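In: Quick one, fold the following:
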Amino acid sequence: MADRDFLLTLISNDPDETFRMGRIIGETLGEGAIVALVGELGAGKTSLTQGIARGLGVGEDYPITSPTFTLINEYPGRLKLVHLDVYRLSGSADLPDLGYEEYIFGKGVTVIEWAEKIQDVLPDESLFITMTYLDQTRRRIEISGGRAQVMQITDALKDGGF
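Out: Take a look at the predicted model:
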């Protein structure tokens, strides 16, 4: 848990702001990054992921949708984005059937919705983003990870107006 000692807390006032935050976060991510998203239905995980995708250079011609039924979507960009939605899994015991290691330990960026279900198999270096529904439009976004990673995101968000 020591690798997630740094925490940044933000408030997003609407889905567009959540998307913009995601885009800025995506611009900071490097090869092999894992973004573990935690939050209830409607917390904004997919909006944030859409922004991350654009920040990774995934073209506007690719609609970014949650892979709830397909479990995994892949998108080309500056780095390949692997988007997993593990909502339908009962836990990490279901992962071997997916060949998850090639995604989680690959060279692209992996974004995992409902990551709390498989937290036990995620590397300590994973960036955790917990999203909490505050009201119809506002969300609390808590970003935790290693010091260098969280500081880089903090600086980028400040430069982006947050």
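In: can you give me the strands for this protein?
Out: For the chain, the strands defined by DSSP state E occupy 6-12, 34-38, 72-75, 81-85, 109-113, 127-133, 139-145.
In: The third one: partners in the sheet, and parallel or antiparallel?
Out: Read it as strand 72-75. strand 81-85 (antiparallel) (DSSP bridges).
In: now the partner strand: how far from the chain's centre is it?
Out: 9 Å (C-alpha atoms, centre = their mean, to the nearest Å).
In: now the angle between strand 34-38 and that strand, please.
Out: 30 degrees (axes from the mean of the first three to the mean of the last three C-alpha atoms, to 10 degrees).
In: which residues touch strand 81-85?
Out: Residues from elsewhere that reach strand 81-85 (C-beta atoms under 8 Å, 6 or more residues apart in numbering): 49, 52-53, 56, 58, 64, 66-68, 71-75, 100, 103, 106, 108-114. (C-beta placed from N, C-alpha, C; glycine too.)
In: Now which of these would you call buried?
Out: Of the members of those, the ones counted as buried by neighbours, 16 or more other C-beta atoms under 10 Å, are 49, 52-53, 56, 58, 64, 66-67, 71-75, 100, 103, 106, 108-114.
In: quick one: the helices in this protein?
Out: Assigned by DSSP state H, the chain shows helices spanning 15-28, 45-55, 100-104, 147-159.
In: Point out the most buried one among those.
Out: Of all the helices of the chain, helix 45-55 carries the top mean neighbour count, a mean of 25, counting by mean count of other C-beta atoms under 10 Å.
In: if we can go back for a sec, what's the least confident stretch among the helices of the chain?
Out: Here these differ in mean pLDDT, and the lowest is helix 100-104 at a mean of 69.
In: returning to what we had before: turn the strands of the chain into TSV, columns for distance to residue 24 and mean pLDDT.
Out: Output for the strands of the chain, formatted as TSV (distance: least, C-beta to C-beta, whole Å; pLDDT from 0 to 100):
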stretch	distance to residue 24	mean pLDDT
strand 6-12	11	92
strand 34-38	13	96
strand 72-75	18	90
strand 81-85	15	91
strand 109-113	14	95
strand 127-133	13	96
strand 139-145	11	96
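In: Dump these to a markdown table, plus distance to residue 26.
Out: Shown next, in a markdown table, are those (distance: least, C-beta to C-beta, whole Å):
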| stretch | distance to residue 26 |
| --- | --- |
| strand 6-12 | 15 |
| strand 34-38 | 9 |
| strand 72-75 | 11 |
| strand 81-85 | 8 |
| strand 109-113 | 8 |
| strand 127-133 | 11 |
| strand 139-145 | 13 |
